[in-house]
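>>> With the sequence up front, the predicted model follows.
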Amino acid sequence: MKEESIPRQDSGTTGILDSIEAPSDIKTLSLKELKLLAREIRQKIISTVSKNGGHLGGPLGCVELSIALHYVFNSPEDKLVWDVGHQAYAHKLLTGRNKNFHTLRQYNGISGFVKPSESEHDAYGVGHSSTSISAALGMVIARDLKHENYNVIAIIGDGALTAGIAYEALNQAGLLQKNILVILNDNKMSINPNVGAISRYLQQLVVYPRYHELRKRTKELMLKIPKIGEDAVEKTYQFEKKIKKVVMPLTLFEEFGFRYFGPIDGHNIGDLIHAFQNMKDLEGPLLLHIITEKGKGYHFAENDGETRLHGMSPFSIDLGKAEKKEIKPLTFTEAFSQSLCKLSELNEDIVAITPAMKSGSGLTEFARRFPDRFFDVGIAEQHAVSFSGGMAIQGLKPVCALYSTFFQRAYDQFIHDICLQNLPVTFVVDRAGLAGEDGPTHHGTFDIAFMRSIPHITIMAPKDERELFDMLHTSVNTNGPCSIRFPKGSTKSFEIPDTPHKIGIGKSEIIKKGKDIAIFSVGPLADEAIIAATRLEEKGINVSVINARFIKPLDKKAILSFAKKTKKIITIEEGALHGGFGSGVLELLHDNGVSAQVKRLGIPDTFIDHGSLSLLRKKVGLDSDHVEKTAYEMMQS
Ligand SMILES: Cc1ncc(C[n+]2csc(CCOP(=O)(O)OP(=O)(O)O)c2C)c(N)n1
């Protein structure tokens, strides 16, 4: 290691962050200045997220890591491949996005995830978890085949390391023995406390002391440093001794063919820099295990046992939560939570499954009340679905709650393990539609299209909390797979009814009858259709509004009869137009030789950027204004 590459210990200044325009600007800072920079970055993250909402715990835990990475490596030549990408705010602040950081998650503003179109420093696009090692390994192969020379570093959390794809990548990396560095950012948390044997194993790596092995490895590593070798060895040894963090003789990662280093303190910039500088020139697949604290530096986050304030809506910095808790109507997620608990009191066969989204999917209360019937399987959507299938075939009634976007991971399991065998699994598909500020990686726009072509599945969409309750009740009493999709957002009620009612499969609900035009709506978009219909009435246009309820099977009778009567049909759905509900209506009309003018409103064939939900819905035309305009124009044609 060159002398000048060790951070200087001279006095610090303030306003350092504002002077950083590119990562190269931090390479001349002293250790003290780097620590001040870490403080400024934390303040900036907290103040921005308090205004805009966003991820908090993860980014706060990665501040020193980001600084050390950019201090040692040369992005964009060296590739930093972040996993999930929600934790990369400090990376963004260090790579030219400080000035615009106040636009975080706003329309046309800085994305909340890692996005190559936003910056050359964002080496690989991400939002879903556990892809980093695979992508990094692909880059490594490209580098070597093209005879190029740069470092590739994957940064993966312990939560993300619960997914199978991470092991598929480790498996291949171990075989290929190419130069790749994996940094395991271990904070014992997924969104909720991490679960499973891997998580337990990582904790054992941290706890069990194997000093001799550690010393040997540390020496091996540090002696590669010219000039200060012996000194550094001793320093590192003392440090390790002090914090009692050690290496197992043969770790799981070594079995995979990696050289394993650590665990080290992921908040000690100096140690991180030393480790990176020393590992930079080592050959083969390397894994550095660092220990961080999710929410580091913000006591409300550090002390929040449930999520460490993983994701936040705008909040008061002094309170660590929203200023005053408004009493709001139930969200669809809350309505599901209450419905499930009510049904589960009566039906002991109901079990609930989540792939690491206990709180997000509204299962916290179920887990508290029915702990033996609740399964958080880690970030493992594929397993969640097949696991549900196993329970279903043996007579249980699994309710597998997934966000629409993460369900994409489990498509084959959905087809092969559930639908093909016609198993009675209920999929509760939350965030089905636009996800707002989380953007394109999180919009749940494809579930209708990817499910609709699969035999046996029943797909429902409730317009409100009452219908959600009824649909869940119907589903757990149906002998086949069902999907119940609902969007992010609120219902209009504060509670669900006492008793649910069964809904006839494939039966729509006529909300309003009119002779000129028929609007078939999916889910809560019924409200927009009703508003539009009321306004159209004032213009003398007589509108029918039908709540489709079922995307599959379609209410053939109702659709064909309204098409024959009105000859004008509008469909509206918060999902991709290609292959969506509206496409199903068109196919039905075509197959039955019924001709009618059909306009489909939904999400066009493009990835929708991030922004507020209301703005995005307006932009894609999922609002009453657009329905009204469409109907009006159809009547003029
Ligand atoms: C495939 C997939 N499933 C679920 C999620 C939701 N999710 C976002 S972050 C996260 C936890 C990640 O934990 P970890 O990797 O340890 O990172 P940390 O937040 O603790 O820094 C989860 C489950 C996701 N992004 N992708």
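Arrived safely, thanks for sending. Only a predicted model underlies this, so the values are computations on that prediction, with no experimental measurement involved. Numbers count the residues shown, from 1 in each chain.
>>> can you list the residues of the stretch 251-400 of the chain near the ligand?
When proximity is defined by Cβ under 6 Å from any ligand atom, the stretch 251-400 of the chain lies next to the ligand at 294, 310, 356, 379, 381. From N, CA and C alone the C-beta is placed, and that goes for glycine too.
>>> Those residues in strands, which ones?
Of these, none are assigned to strands by DSSP state E.
>>> Most widely separated two among those residues?
Greatest spatial distance among these (Cβ to Cβ): 294 and 381, at 22.1 Å.
>>> For the helix or strand containing residue 340, list every residue counted as buried.
When elements are assigned from DSSP states H and E, residue 340 belongs to helix 332-346. By neighbour count with 16 or more other Cβ atoms under 10 Å, helix 332-346 contains the buried residues 332-344.
>>> and if you look at stretch 274-294?
Of all the residues in stretch 274-294, those buried under the rule 16+ other Cβ under 10 Å are 274-280, 285-294.
>>> Please apply the same query to stretch 565-573.
If you call a residue buried by 16+ other Cβ under 10 Å, then stretch 565-573 has these buried ones: 566, 567, 568, 569, 570, 571, 572, 573.
>>> Look at residue 619 and say how many residues are nearby.
Residues lying near residue 619 (other Cβ atoms under 10 Å) number 16.
>>> residues touching it, list them.
Under the criterion of Cβ atoms under 8 Å, 6 or more residues apart in numbering, the neighbours of residue 619 are 608, 611.
>>> Please tell me how far the closest residue to residue 446 other than its chain neighbours sits from residue 104.
In space, residue 446 comes closest to residue 576 once its chain neighbours are excluded; the distance is 5.4 Å by Cβ to Cβ, 6 or more residues apart in numbering. Here the criterion is Cβ to Cβ, to the nearest Å. By it, residue 576 lies 27 Å from residue 104.
>>> More neighbours: the two, which one.
Residue environment comparison for residue 576 versus residue 104 gives the larger neighbour count to residue 104, 24 against 20, counting by other Cβ under 10 Å.
>>> Run through the residues that contact that one.
48, 49, 52, 54, 89, 110, 112.
>>> that older thread, adding pLDDT, write the buried residues of helix 332-346 out as a markdown table.
Shown next, in a markdown table, are the buried residues of helix 332-346 (pLDDT from 0 to 100):
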| residue | pLDDT |
| --- | --- |
| 332 | 98 |
| 333 | 98 |
| 334 | 98 |
| 335 | 98 |
| 336 | 98 |
| 337 | 98 |
| 338 | 98 |
| 339 | 98 |
| 340 | 98 |
| 341 | 98 |
| 342 | 98 |
| 343 | 98 |
| 344 | 98 |
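>>> out of the residues you listed, who's nearest residue 627?
The shortest separation between residue 627 and any of the buried residues of helix 332-346 is 20.9 Å, and it belongs to residue 332 (by Cβ to Cβ).
>>> interface residues of the protein facing the ligand?
Residues of the chain found near the ligand, taking Cβ under 6 Å from any ligand atom as the criterion, are 58, 61, 84, 86-87, 128-129, 157-160, 187, 189-191, 294, 310, 356, 379, 381, 406, 409.
>>> The residues you listed in helices, which ones?
Using DSSP state H to define helices, the subset of the residues of the chain next to the ligand located there is 58, 61, 381, 406.
>>> what number of residues lie near the third one?
Neighbours of residue 381 under the rule other Cβ under 10 Å: 28.
>>> my read: it touches residue 409, true?
Yes. Shown here, residue 381 and residue 409 form a contact pair, counting by Cβ atoms under 8 Å, at 4.0 Å.
>>> residues in contact with the closest residue to residue 513 other than its chain neighbours?
Spatial nearest neighbour of residue 513, excluding adjacent residues (Cβ to Cβ, 6+ apart): residue 544 at 5.2 Å. Counting by Cβ under 8 Å, 6+ apart, residue 544 touches 510, 512, 513, 514, 515, 517, 518, 519, 533, 562, 566.
>>> Relative to the ligand, which of the residues you listed is nearest.
residue 519 (34.6 Å; Cβ to the nearest ligand atom).
>>> what about that closest one, which SS state?
At residue 519, secondary structure determined by DSSP: H, G, I helix; E, B strand; the rest coil is strand.
>>> so how many other residues sit close to it?
Burial measure for residue 519: 33 neighbouring residues, criterion other Cβ under 10 Å.
>>> Isn't it up against residue 529?
Yes. Using Cβ under 8 Å as the test, residue 519 is close enough to residue 529 to be in contact (4.4 Å).
>>> can you list residues touching both of these two?
Taking Cβ under 8 Å, 6+ apart as the contact criterion, the common neighbours of residue 519 and residue 529 are 545, 570, 572, 627.
>>> can you confirm the first one is in a strand?
Spelled out, that is residue 545. Yes. The assignment for residue 545 (three-state DSSP) places it in a strand.
>>> Show the contacting residues for it.
For residue 545, the contact set (Cβ under 8 Å, 6+ apart) comprises 510, 511, 512, 514, 518, 519, 521, 526, 529, 530, 533.
>>> Could you find the closest non-adjacent residue to the residue of the stretch 451-600 of the chain found nearest the ligand?
In the stretch 451-600 of the chain, the residue found nearest to the ligand is residue 488; the distance is 13.9 Å by Cβ to the nearest ligand atom. Leaving out its chain neighbours, the residue that sits closest to residue 488 by Cβ to Cβ, 6+ apart is residue 431, at 5.0 Å.
>>> and that neighbour, what does it touch?
With Cβ under 8 Å, 6+ apart as the criterion, the residues that contact residue 431 are 403, 404, 405, 442, 444, 487, 488.
>>> Quick check: of those residues, which has the highest neighbour count?
Counting by other Cβ under 10 Å, residue 404 has the largest number of neighbours within the contacts of residue 431, with 29 neighbours.
>>> residue contacts, it?
429, 430, 431, 432, 433, 444, 445, 446, 447, 485.
>>> if we go to 10 Å?
For residue 404, the contact set (Cβ atoms under 10 Å, 6 or more residues apart in numbering) comprises 427, 429-433, 435, 442-448, 450-451, 483, 485-488, 574-575.
>>> what does residue 57 give?
With contact set as Cβ under 10 Å, 6+ apart, residue 57 has these partners: 86-87, 187, 189, 191, 293-296, 298, 300-302, 304, 307-312.
>>> make it 8 Å
In this structure, residue 57 makes contact with 189, 294, 295, 301, 304, 307, 308, 309, 310, judged by Cβ under 8 Å, 6+ apart.
>>> any idea which of those is closest to residue 593?
Among the contacts of residue 57, residue 310 lies closest to residue 593 (Cβ to Cβ), at 53.4 Å.
>>> Could I get the phi/psi values of the closest one?
Listed backbone geometry of residue 310 is phi -60, psi -50, with angles given as degrees, to the nearest 10.
>>> I figured it was touching residue 58, is that so?
Yes. Under the contact definition of Cβ under 8 Å, residue 310 touches residue 58, with a separation of 6.5 Å.
>>> I am finished for the moment; much appreciated.
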